[in-house]
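Visitor: I need the structure of the sequence given here:
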Amino acid sequence: MNNAIVLGGGIAALAASYGLRQAGVVTACLLGGPGATALSSGALDGGQPGLAAQDVLSFCAELGLFAEPSSSVLVATRLGVLRYARARDGGILNVLPLAGRRVGIPRLPRLGWDADWLARSLNESPICAAQATVFVAFSVKVSFGEQASRLSAIDFSALVQQQREPLVGALRDASVVENLAGCLLPPACFLEAQQASEWSSELGIAVGETLSGVGETAGYRFERARNGLLERLGVKVHAGYASGVRATDEKVTVLTPDCEFSADVAVLATGGWVSGGVRLSDTNSVELSYELSATSGLSISLHGRPFSASAAWGADVGSLGLGELSQIGLLPLVGHRPTRIVAAGDASASGKRTLGAAIESGLAAAARLTAAFSETP
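Guide: Here you go, the predicted structure:
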């Protein structure tokens, strides 16, 4: 095997590119737009056996985005919920080391950011009570301008960095007055994960954001880290969307509206290969209707089993389980023998839909292809 092409822009595609390059395979990546990871919260949840595997830890270290990838962390949402995760984007606050301490929440001009309500909600959390952590809201005398509340998360983050000196000063004063050990910020402050560490070092307390929503800073930080890692790995990035994939005994060809790419193998690590949905009937049965949205010659699978629309007709929701319905995708191993196309991440019909599982899936796809074609010219 001399070269490979990876389709996708999320963390599964990135992990597959990393694994292939570690094996010395010349790799290209077809990136049409934001992957699912760009819409994620920044919490890294893992599958089994989890994130302790050395190859996963090595990938996380190379990416340089996730903090504490081998231990549990406690993170907060801006909806007032505390939850555990396997790891976190380094821009997000880990509340776990702050047990028994006070954490401040500044009143900042962001739509949907209510520091007083958030502090009350977090303090009522059973996890917060068990940790004996206390959240307190406080005001900061920093001017962000009249339009600040209407800015996008990314634009507000740029404004925060412009106002860094007075804001850090205000946070420092509050940390003394309120006896704070940490500061929880909205998900619109840090464009890079290391900025949270820099603020923490400067203030002498832990500083970080809540988990992100769609379009907020965690997704932006991932894309910056992804682009940097692809460049360091020497992966050639092509902009565009695949309209089809075909395989022969000798190669794989990826079709786009503008051109074709040929490679020895391919990893399909992007969502959208299977389109369709679920329709509930008056009798509480379901009709599953799915089809391939791009030509590929691949098979649709439901939870790792070949999908049959006729067999799925009239299935009972209770027996099928709604969790099963999230497992629609492509069969993990498809194509010719040895297979030249492998599905990973959201394209695969197996595995959990978490960032940790996506990393494991991407690395496994790269390892599977490397092993199958290690002696193939």
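Visitor: when you work out contacts or count neighbours from here on, use the C-alpha atoms and nothing else.
Guide: Will do.
Visitor: Leu355: how many residues sit nearby?
Guide: Leu355 sits with 24 neighbouring residues when counted by other CA atoms under 10 Å.
Visitor: surely it and Leu39 touch.
Guide: No. The criterion here is CA atoms under 8 Å, and Leu355 misses it with Leu39 at 11.1 Å.
Visitor: could you pull up the mean pLDDT of the helix or strand hosting Arg221?
Guide: Secondary-structure element containing Arg221, defined by DSSP states H and E: helix 217-233. For helix 217-233, mean pLDDT rounds to 96.
Visitor: moving C-terminal from it, which element do we reach first?
Guide: Using DSSP H and E, the helix or strand that follows helix 217-233 towards the C-terminus is strand 236-239.
Visitor: may I see the buried residues of that next one?
Guide: For strand 236-239, a neighbour-count test (16 or more other CA atoms under 10 Å) marks Val237 as buried.
Visitor: so what's Val142 up against?
Guide: 166-167, 170 (CA atoms under 8 Å, 6 or more residues apart in numbering).
Visitor: if I look at it, how far off is Gln162?
Guide: When distance is defined by CA to CA, to the nearest Å, Val142 is 12 Å away from Gln162.
Visitor: Thr37 versus the residue nearest to Arg353 when sequence neighbours are not counted, what's the distance?
Guide: Nearest non-adjacent residue to Arg353, counting by CA to CA, 6 or more residues apart in numbering: Asp346, 7.0 Å away. Distance, Asp346 to Thr37, using CA to CA: 10 Å.
Visitor: and those two? Which one has more around it.
Guide: Ranked by neighbour count (other CA under 10 Å), Asp346 and Thr37 place Asp346 first, with 31 against 20.
Visitor: what kind of secondary structure is that one in?
Guide: Assigned with DSSP: H, G, I helix; E, B strand; the rest coil, Asp346 falls in the helix class.
Visitor: do I have it right that it meets Val267?
Guide: No. With contact defined as CA under 8 Å, Asp346 and Val267 do not form a contacting pair (11.8 Å).
Visitor: any common contacting residues for those two?
Guide: In contact with both Asp346 and Val267: no residue, using CA under 8 Å, 6+ apart.
Visitor: strands of the stretch 201-350 of the chain, start to end?
Guide: Here the stretch 201-350 of the chain has its strands, by DSSP state E, counting those that start in this stretch, at 206-209, 236-239, 244-247, 252-255, 260-263, 265-268, 274-280, 285-292, 300-302, 305-306, 315-316, 328-330, 333-334, 341-343.
Visitor: what distance separates the last one from the centre of its chain?
Guide: Between the centre of strand 341-343 and the centre of its host chain there is 20 Å, according to CA atoms, centre = their mean, to the nearest Å.
Visitor: that one packs against which elements?
Guide: Contacts defined by 3 or more CA pairs under 8 Å, 6 or more residues apart in numbering; DSSP states H and E place strand 341-343 against strand 265-268, strand 333-334, helix 355-372.
Visitor: please repeat the previous calculation with a cut-off of 10 Å.
Guide: With contacts taken as 3 or more CA pairs under 10 Å, 6 or more residues apart in numbering; DSSP states H and E, strand 341-343 sits against strand 3-7, strand 244-247, strand 265-268, strand 328-330, strand 333-334, helix 355-372.
Visitor: just to revisit the earlier point, nearest to Ala23, out of the contacts of Val142: which one, please.
Guide: Ranked by distance to Ala23 (CA to CA), the contacts of Val142 are led by Leu167 at 46.1 Å.
Visitor: the closest one: neighbour count?
Guide: 18.
Visitor: so how far is Gly213 from it?
Guide: From Leu167 to Gly213 the distance is 23 Å (CA to CA).
Visitor: same question, Gly100
Guide: If you go by CA to CA, the gap between Gly100 and Gly213 works out to 28 Å.
Visitor: just to revisit the earlier point, okay, and the common contacts of Leu355 and Leu39?
Guide: Taking CA atoms under 10 Å, 6 or more residues apart in numbering as the criterion, Leu355 and Leu39 both touch Gly10.
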